[in-house]
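Visitor: test case, fold it:
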Amino acid sequence: MTPTLTLFSAPKPFKNPHIRTIQRNAIQSWVKLGPDVQVVLIGEEDGLAETAAEFNVLHLPNVRRNASGTPLVSSIFQLARDASQSPILAYINADIITLPNFLEGAKKAVELSARFLLIGQRWDLDVRTAIDYNPTWAKSLEDDLNERGRMHARGGSDYFIFPRSCFAKIPDFAIGRAGWDNWMIYECRRNRWPCVDATDSIRVIHQDHDYSHLPQGKPHYRLPETFENVHLAGGGRTIFSLLDTDIRLENGSLLPAKQNWKKFWRDVETFPLVSLHSYPLAQAAYAFFHPMRAYRDFRLWLKGNHGELR
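Guide: Residues are numbered from 1 along each chain as shown. From the prediction side, this is the model:
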């Protein structure tokens, strides 16, 4: 039987004990989604092959990398696409725990639209130990989340659910660096596919961690590879967020995004880019709505910081 959903990820090395624990927690939660979900782990990081074998999931090691050795998003997505036949694909970060409603939300979206991108806010939770995946694990985890969890801001996204017909071509972004996830949202809006906020229907849990796995321990948005991601995305105006979704999945229905003044003015600001496909007009709109930021960006540009995430 062909699975409905292929869930794929490119985990970090399993060297750091805490990273190892939270990634193993996440992968087991994906497996718990059942036989209708194919789990694929991509890369050659230390401990990945052994982990894939332990949990009986597909491992694809031969991912292309950039000059810094970081796996490329384009290669990750293509490998998962080529190794699967499911009608729905989903990339997910390797520190994200899924609950049973993840698959339900994906199935509902594909029933309602032929093309779409399904994303949503995450919940942050400090997890330090291995999760006991007993028959009541999901309820226990949700109870813990209700007590200690925090809803994350509407920045990027930690999972991307989409039909096989979407995102067939992706620039050579560096995985684990900022910019590429924002481009996914922008690309969806640019193509006028429903960009669906599933926060109310799909609950995912991000397990807290530090940045010790990154060069110099810097947050990913301060790394040169992030600046290159922004360049590949088309520039700083393509940095979209969950605020830029135009549809929401709620109670099994696709509904227009909730409106407020912040959402209204953001839609006005992005109209030249989304509807007119004009980057110069988008820059002008950005300068109109954010004159101080635009002035600061211009000064940085004069100094040669052309790749800054702004």
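Visitor: other residues contacting stretch 85-92?
Guide: 2-9, 26, 30, 38, 76-77, 80-81, 98, 106-107, 110, 158-164, 204 (CB atoms under 8 Å, 6 or more residues apart in numbering). In short, each C-beta sits where N, CA and C put it, glycine included.
Visitor: next, the contact list for the residue lying closest to Thr4 once chain neighbours are set aside, please.
Guide: Ranked by CB to CB, 6 or more residues apart in numbering and with sequence neighbours excluded, the top spatial neighbour of Thr4 is Asp36, at 4.8 Å. Shown in contact with Asp36 (CB under 8 Å, 6+ apart): Pro3, Thr4, Leu5, Leu103.
Visitor: and the third one, what pLDDT?
Guide: What it means is Leu5. In this model, Leu5 is scored at 96, pLDDT.
Visitor: quick one, phi psi at it?
Guide: Phi and psi for Leu5, reported as degrees, to the nearest 10, are phi -130, psi 130.
Visitor: I'd say it and Leu103 touch.
Guide: Yes. Contact status for Leu5 versus Leu103: in contact at 6.1 Å, counting by CB atoms under 8 Å.
Visitor: can you work out which residues contact both of the two?
Guide: Counting by CB under 8 Å, 6+ apart, the common neighbours of Leu5 and Leu103 are Leu33, Asp36, Val37.
Visitor: in CSV, list these along with secondary structure, distance to Lys262 and pLDDT.
Guide: Listed next are the shared contacts of Leu5 and Leu103 as CSV, based on DSSP: H, G, I helix; E, B strand; the rest coil; distance: CB to CB, whole Å; pLDDT from 0 to 100:
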residue, secondary structure, distance to Lys262, pLDDT
Leu33, coil, 34, 96
Asp36, coil, 38, 95
Val37, strand, 35, 97
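Visitor: nearest residue to Ala168 other than its sequence neighbours?
Guide: Leaving aside its chain neighbours, Ala168 sits nearest to Arg81 (7.7 Å; criterion: CB to CB, 6+ apart).
Visitor: where does that neighbour land on pLDDT?
Guide: Here, the pLDDT recorded for Arg81 equals 97.
Visitor: how far away is it from Leu242?
Guide: According to CB to CB, to the nearest Å, Arg81 and Leu242 sit 25 Å apart.
Visitor: again, but for Phe289
Guide: Computed as CB to CB, the Phe289 to Leu242 distance reads 19 Å.
Visitor: rewinding a little: so which of the contacts of stretch 85-92 are in strands?
Guide: Judged by DSSP state E, the contacts of stretch 85-92 include 5-9, 38, 98, 159-163, 204 as members of strands.
Visitor: tell me the two of the residues you listed that are most distant?
Guide: Farthest pair in the ones in strands among the contacts of stretch 85-92 (CB to CB) is Pro163 and Val204. Separation: 19.6 Å.
Visitor: looking at the two, which is more packed in?
Guide: Applying other CB atoms under 10 Å to Pro163 and Val204 shows that Val204 carries more neighbours, namely 25 against 20.
Visitor: how about that one, what does it touch?
Guide: Counting by CB under 8 Å, 6+ apart, Val204 touches Ile92, Ile96, Ile97, Thr98, Leu99, Phe102, Gly120, Arg122, Trp123, Asp158, Tyr159.
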